[in-house]
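*Asks:* quick one: sequence plus predicted model below, questions after.
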Amino acid sequence: MLIKISDRRYINSEKVESLEIISGASTHSVCVNMSNDNFSTALMDHDTLEDAERAMDELATAINKTN
């Protein structure tokens, strides 16, 4: 099943390996590490750590419902 992670990107929930937050100077990115033939990472940037944590929780919930 495909899950929307941004206005321009969907990911295959069956290929998600892990989720993590990487904090930078001005943004917090939720990294979606994918397993497939060519390892790839999808990023969702957020202004606050709380927004990033909320987005990661929502994404994990959606992935767990589909798998």
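*Replies:* Nice, I can see it. Numbering: from 1, shown residues only.
*Asks:* list the residues that contact the residue nearest to residue 27 when sequence neighbours are not counted.
*Replies:* Distance criterion Cβ to Cβ, 6 or more residues apart in numbering; nearest residue to residue 27, sequence neighbours excluded, is residue 45 at 4.7 Å. Yep, even glycine has a C-beta here, placed from its N, CA and C like the rest. By Cβ atoms under 8 Å, 6 or more residues apart in numbering, the residues touching residue 45 are 27, 28, 29.
*Asks:* off-centre distance for the helix or strand of the chain with the lowest mean pLDDT?
*Replies:* The helix or strand of the chain with the poorest confidence is strand 40-46; it has a mean of 83 (mean pLDDT, DSSP states H and E). Relative to its chain's centre, strand 40-46 lies at 6 Å (Cα atoms, centre = their mean, to the nearest Å).
*Asks:* okay, it in CSV with CA atoms only?
*Replies:* Below are the C-alpha coordinates for strand 40-46, written out as CSV (Å, rounded to 0.1, in the frame of the first residue of the first chain):
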residue,chain,number,x,y,z
SER,A,40,16.6,4.9,-0.6
THR,A,41,15.7,7.4,2.0
ALA,A,42,12.7,9.7,2.0
LEU,A,43,12.7,12.9,4.0
MET,A,44,10.0,15.0,5.6
ASP,A,45,11.2,18.4,7.0
HIS,A,46,9.5,20.1,10.0
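*Asks:* so which strand or helix has the most centrally placed residue in the chain?
*Replies:* Against the mean C-alpha coordinate of the chain, by Cα atoms, centre = their mean, the closest residue is residue 32 at 3.8 Å. Element membership of residue 32 [criterion: DSSP states H and E] is strand 28-34.
*Asks:* neighbouring strands of that strand in the sheet, and parallel or not?
*Replies:* Using DSSP bridges, the strands paired with strand 28-34 are strand 16-23 (antiparallel), strand 40-46 (antiparallel).
*Asks:* give me the residues contacting it.
*Replies:* Strand 28-34 is contacted from outside by 5, 11-12, 15-23, 39-49, 51-52, 55-56, 59, using Cβ under 8 Å, 6+ apart.
*Asks:* pull up the gap between the closest residue to residue 36 other than its chain neighbours and residue 1, please.
*Replies:* With sequence-adjacent residues excluded and distances taken as Cβ to Cβ, 6+ apart, residue 36 is closest to residue 15, at 5.3 Å. Distance of residue 15 to residue 1, computed by Cβ to Cβ, to the nearest Å: 11 Å.
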